[in-house]
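*Asks:* Give the three-dimensional model of this entry:
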Amino acid sequence: MNQLRLVNTCEACPEQYDVYRDDKKVGYLRLRHGYFRAECRDVVVYSARPIGDGIFESYERDRYLNAACRAILDELARQEEVKGGEENLFFFGESDE
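*Replies:* Numbers count the residues shown, from 1 in each chain. Predicted coordinates for the structure are as follows:
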């Protein structure tokens, strides 16, 4: 899945979001005192200095949220590669006989 679900947990001072993929929390976004950061599994994967201080200006929100989500998706892909690539398309079970 190439889309993440953002759940706004605070609207301003700081503006922050929990980030989910397939109903599993995979990240956190926060803008406070003019510093925006994106974390993925406790690793800061993106940071920026938008004009907004504790809340994005309306014209900049999409730009920074998209950049943060791209960085989280990239980090998730990197972590999955380190773990051994894609999940298996099979599992072992017992015979029906």
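*Asks:* you'd agree Y64 is up against S47?
*Replies:* No. Using CB atoms under 8 Å, Y64 is not in contact with S47; the gap is 10.2 Å. The C-beta positions use only the backbone N, C-alpha and C, and glycine is treated the same way.
*Asks:* who touches both of those two?
*Replies:* F36 (CB atoms under 8 Å, 6 or more residues apart in numbering).
*Asks:* So those two - more neighbours on which side?
*Replies:* Y64 (20 against 12; other CB atoms under 10 Å).
*Asks:* Return the set of buried residues in the longest strand anywhere in the chain.
*Replies:* Ordering each strand of the chain by length in residues (DSSP state E) puts strand 24-32 first. For strand 24-32, the neighbour count (16 or more other CB atoms under 10 Å) marks 26-32 as buried.
*Asks:* swap in stretch 63-75?
*Replies:* With burial defined by 16+ other CB under 10 Å, the residues of stretch 63-75 counted as buried are 64-65, 68-69, 71-73, 75.
*Asks:* quick one: which of those residues sit in helices?
*Replies:* In this view, those that belong to helices under DSSP state H are 64-65, 68-69, 71-73, 75.
*Asks:* Just give me the closest of those residues to N2.
*Replies:* N2 has its nearest neighbour among these in L73, at 6.7 Å by CB to CB.
*Asks:* Quick one: the helices in this structure, in order.
*Replies:* Taking DSSP H as the criterion, the chain carries its helices at 61-83.
*Asks:* which stretches of the protein have low pLDDT?
*Replies:* Applying pLDDT under 70 to the chain picks out residues 1, 82-97.
*Asks:* hang on, the earlier thing: would you format the buried residues of strand 24-32 as JSON lines with distance to C13 included?
*Replies:* Converted to JSON lines, those look like this (distance: CB to CB, whole Å):
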{"residue": "V26", "distance to C13": "25"}
{"residue": "G27", "distance to C13": "21"}
{"residue": "Y28", "distance to C13": "16"}
{"residue": "L29", "distance to C13": "15"}
{"residue": "R30", "distance to C13": "11"}
{"residue": "L31", "distance to C13": "9"}
{"residue": "R32", "distance to C13": "7"}
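*Asks:* which among these gets closest to E81?
*Replies:* V26 (15.6 Å).
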